[in-house]
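J.: sequence plus predicted model, see below.
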Amino acid sequence: MFWKMAPCAVLLAAGAVGAQEFPAKVVDVTVPFPPGGAADSPARFLGEGLARLWKQPVVINNRAGAGGGVGTGYAKRAAPDGYTLLVTNPGLLSLPESERMFDRPPPFERTDFQPLALLVADPTVIVVKADAPWKTYDDLVADARKRPDAITYASSGVYSALHLPIEMLSNSAGVKLRHIPYKGGGPAITAVLSGEVAMTAGVPAALAQHIKSGALRPLVNTGTRRHPALPDVPTAAELGYKDVEFYLWIGLFAPANTPEAVTRKIRQDVGQVVQHDPAFAQRMAGMGAPVDYRDAPAFKDFLDKDAARIKAAIQRIGK
């Protein structure tokens, strides 16, 4: 009996040692979007902090394409050993829902990953060009009711993180706007600045310079409270628009079957960096993205609620 049990005992001991020694080599953090985007910078700041803590390189691996599908699929197929992690945004929830809308098999599911930490959860802000006739969001709604499907807005793509909040708002207000998809958040902002379209959405960090310069006018934000960078911009709830809550969040994930001992180690060290590394906090503040750190249990609860909101919004939009 002893000799039959010994190999199991050896394997268990080896697993425990492996978890204690993690990481023993380079850690790949996959970002399924191009460099410089909303998910890329937090991933890099976190990676730098973890590399200092772990004494091992942390490489940011940008694998853009298919609205995040390429990089997320890559992370899904990676060995569940903690050496390939994923930093992504609400596309993790919206892309599978949109694929099901068209009866296509999703390239991944949320359940293919386990949440480790929420890093950022910024509300989106609706903006118009500074010389637009609408001083408030109520002004825009009143005009849209008179001219259904006439007021245009830009997004970063169908069912994207800029498409969904505008549709949530227009649905709550009972108005119809005309959607013009672009290839990213930057081009969508440029379209508003050039007068090609009337409005778009974005996170405060991406819009701040244009708002401060007076080129864009913010009308409403989609969070539950006012944003510290834009304290004069009301929330949708304040204006009486119900069921409007949307965040462009950034979070860290591991493949679903990554051992609990390894994910516990990663979570502990991420918390150390996010809460106690001054360089991380300074760099996040410098890009205008306040940290909204939540460990795995609280992050999972956040995702459960966000998934329900996103699914309902996509179903309302339809094909």
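T.: On my side now, so go ahead. Residues are numbered from 1 along each chain as shown.
J.: what about Ala130, neighbour count?
T.: 13 (other Cβ atoms under 10 Å). Bear in mind the C-beta positions are built from the backbone N, C-alpha and C, glycine included.
J.: so Gly251 sits in a strand?
T.: Yes: assessed by DSSP: H, G, I helix; E, B strand; the rest coil, Gly251 belongs to a strand.
J.: so it sits against Arg110, correct?
T.: No: shown here, Gly251 and Arg110 do not form a contact pair, counting by Cβ atoms under 8 Å, at 11.1 Å.
J.: between the two, which has more neighbouring residues?
T.: Gly251 (26 against 18).
J.: distance check, that one against Asp243.
T.: Distance of Gly251 to Asp243, computed by Cβ to Cβ, to the nearest Å: 23 Å.
J.: can I get the longest helix along the chain as PDB, trimmed to CA atoms?
T.: Secondary structure assigned by DSSP state H gives helix 296-317 as the longest helix of the chain. In PDB, the C-alpha atoms belonging to helix 296-317 read as follows (Å, rounded to 0.1, in the frame of the first residue of the first chain):
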ATOM      1  CA  ALA A 296     -11.300  37.900  -7.100                       C
ATOM      2  CA  PRO A 297     -14.600  37.400  -5.000                       C
ATOM      3  CA  ALA A 298     -15.600  41.000  -5.300                       C
ATOM      4  CA  PHE A 299     -14.500  41.100  -9.000                       C
ATOM      5  CA  LYS A 300     -16.600  38.000  -9.700                       C
ATOM      6  CA  ASP A 301     -19.700  39.700  -8.200                       C
ATOM      7  CA  PHE A 302     -19.000  42.800 -10.300                       C
ATOM      8  CA  LEU A 303     -18.800  40.600 -13.500                       C
ATOM      9  CA  ASP A 304     -22.000  38.800 -12.700                       C
ATOM     10  CA  LYS A 305     -23.900  42.100 -12.600                       C
ATOM     11  CA  ASP A 306     -22.100  43.500 -15.600                       C
ATOM     12  CA  ALA A 307     -22.700  40.400 -17.700                       C
ATOM     13  CA  ALA A 308     -26.500  40.700 -17.100                       C
ATOM     14  CA  ARG A 309     -26.400  44.400 -18.100                       C
ATOM     15  CA  ILE A 310     -24.400  43.700 -21.200                       C
ATOM     16  CA  LYS A 311     -26.600  40.800 -22.300                       C
ATOM     17  CA  ALA A 312     -29.700  42.800 -21.900                       C
ATOM     18  CA  ALA A 313     -28.300  45.700 -23.900                       C
ATOM     19  CA  ILE A 314     -27.100  43.400 -26.800                       C
ATOM     20  CA  GLN A 315     -30.500  41.700 -26.900                       C
ATOM     21  CA  ARG A 316     -32.200  45.100 -27.100                       C
ATOM     22  CA  ILE A 317     -29.900  46.300 -30.000                       C
END
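J.: can you point out the buried residues in that helix?
T.: Buried residues in helix 296-317, defined by neighbour count with 16 or more other Cβ atoms under 10 Å: Ala296, Phe299, Phe302, Leu303, Asp306, Ala307, Arg309, Ile310, Ala313, Ile314, Ile317.
J.: tell me what that helix is packed against?
T.: On a contact count with 3 or more Cβ pairs under 8 Å, 6 or more residues apart in numbering; DSSP states H and E, helix 296-317 meets helix 91-101, strand 113-123, helix 163-173, strand 247-255.
J.: could you give the angle of it to strand 113-123?
T.: Angle, helix 296-317 to strand 113-123, by axes from the mean of the first three to the mean of the last three Cα atoms, to 10 degrees: 70 degrees.
J.: circling back to that earlier point, can you redo the helices and strands packed on helix 296-317 as CSV with mean pLDDT and distance to Ser156?
T.: As requested, the helices and strands packed on helix 296-317 are arranged in CSV below (pLDDT from 0 to 100; distance: least, Cβ to Cβ, whole Å):
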stretch, mean pLDDT, distance to Ser156
helix 91-101, 92, 10
strand 113-123, 96, 15
helix 163-173, 95, 7
strand 247-255, 96, 10
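J.: show me the one of the ones you listed that comes nearest Gly47.
T.: Across the helices and strands packed on helix 296-317, Gly47 has its closest neighbour in strand 247-255 (10.2 Å, Cβ to Cβ).
J.: right, I'll call it a day here.
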